[in-house]
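S.K.: After the sequence you'll find the predicted model.
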Amino acid sequence: MEAGSKPFWQMIEDELAEKPKECGPKEAEKRQKEEQRLIDTAQPLTEEEQQEKNDLLTQGLANWSKRDFTAFANEKYGRHDIENIANEMIETKSRDEVEYYAKIFWERFEELQDHEKILGQIEKGEARIQRRQSVKRALDAKIAKYKAPFHQLRIAYGTNKGKTYTEEEDRFLVCELHRLGFDKETVYEELRQSVRMAPQFRFDWFIKSRTAMELQRRCNTLITLIEKEMGETEVKHRAKKDTKEKTGAPSGELLASSLLVFFHPGIMNFSITPYFL
């Protein structure tokens, strides 16, 4: 086999292992080194294996490199968000190509030797997506309770208020986090700038001197409190609804203002007949 012909089992087009984008810097560097070690120590294919590989390539999607597969099977968007996955691969693949590949992949992914690991990574990403959606719903519901949330919003602290941040500071953090978009990558740095520019904090050295990381920790605490509050509100709402349904309470079709009262001549008794629309 000629030198430089890339005969190794780990290689299709790329000689160097890529650094994963779906994890933190340290973990990404660790994974990259391990992948590079596998590439560097890989054994050349035999002639029979090379022939089998060539035959298989004619049957499959030969224009998909390992780089393409890594971009496709990442943790960022989960398995169903084809639109955003295609946008990540816009330089090499069209949306139709990504959609077709996804169909084949999910039909046959269990044939891959490390399919459990690949699926596990994607499911971890999907869990994070669901978590972000849950937080967004809680924040949306909390903000929607007030006409002027920057002035009216209240946090249900319980016994967890602490003595560091004031209620005014917490209210601003929650409202501004919601306004900026809590799931933006740069949101806490932007929040830090908003705090420094807010006129109500011009003499509040404590809040103005907080780092982006410190603001993130405080917001995480506030989000937990809001999720708890909104969860309890939802439970009460459902319980109230279930009670009405079980006791046969008036439905929306029955208008209390549309009761027809009929008095019987000569007697004091009367009957009340509900009028249904």
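M.R.: That came through fine.

S.K.: Could you check how far Asp68 is from Ile129?
M.R.: Look at Asp68 and Ile129: by CB to CB, to the nearest Å, they are 22 Å apart. No exception for glycine: its C-beta is placed from N, CA and C like everyone else's.

S.K.: Leu180: what's it in contact with?
M.R.: Contact analysis of Leu180 by CB atoms under 8 Å, 6 or more residues apart in numbering lists Val187, Glu190, Leu191, Ser194.

S.K.: Model confidence score at the residue nearest to the last one when sequence neighbours are not counted, please.
M.R.: The one in question is Ser194. Among residues not flanking Ser194 along the chain, Glu176 sits closest, at 5.0 Å (CB to CB, 6 or more residues apart in numbering). pLDDT recorded at Glu176 is 97.

S.K.: ok, now Lys6?
M.R.: For Lys6, pLDDT reads 42.

S.K.: Next: Val135.
M.R.: 93.

S.K.: That one: neighbour count?
M.R.: Residues contacting Val135 under the criterion other CB atoms under 10 Å number 18.

S.K.: I figured it was touching Phe182, is that so?
M.R.: Yes: counting by CB atoms under 8 Å, Val135 does reach Phe182; the two are 6.4 Å apart.

S.K.: anything in contact with each of the two?
M.R.: Common neighbours of Val135 and Phe182, using CB under 8 Å, 6+ apart, are Ile223.

S.K.: Mind listing what's buried along stretch 122-135?
M.R.: Neighbour counts over stretch 122-135 (16 or more other CB atoms under 10 Å) mark Ile122, Gly125, Glu126, Ile129, Val135 as buried.

S.K.: any idea how far Lys19 lies from Thr233?
M.R.: Per CB to CB, Lys19 is found 44 Å from Thr233.

S.K.: ignore the last one, Glu52
M.R.: Counting by CB to CB, the gap from Glu52 to Thr233 is 61 Å.

S.K.: Lys19: what secondary structure?
M.R.: Three-state assignment for Lys19 (DSSP: H, G, I helix; E, B strand; the rest coil): coil.

S.K.: In this structure it contacts Ala28, no?
M.R.: Yes: Lys19 lies in contact with Ala28 (CB under 8 Å); the separation is 4.9 Å.

S.K.: and Glu97, that's in a strand?
M.R.: No: assigned with three-state DSSP, Glu97 falls outside any strand and is helix.

S.K.: Look at it and say how many residues are nearby.
M.R.: Per other CB under 10 Å, the neighbour tally for Glu97 reads 16.

S.K.: Same question for the one 5 residues further on.
M.R.: Other residues near Ala102 number 17, with proximity taken as other CB under 10 Å.

S.K.: ok but it is inside a helix, no?
M.R.: Yes: counting by three-state DSSP, Ala102 is located in a helix.

S.K.: Not counting residues beside it along the chain, what's closest to it?
M.R.: Nearest residue to Ala102 in three dimensions, chain neighbours excluded: Ile82, at 6.0 Å (CB to CB, 6+ apart).

S.K.: just Arg79 next, same as before
M.R.: Using CB to CB, 6+ apart and skipping residues adjacent in sequence, the residue nearest Arg79 is Ile122, 5.7 Å away.

S.K.: Just to be sure, that neighbour is in a strand?
M.R.: No: with three-state DSSP as the criterion, Ile122 is located in helix rather than a strand.
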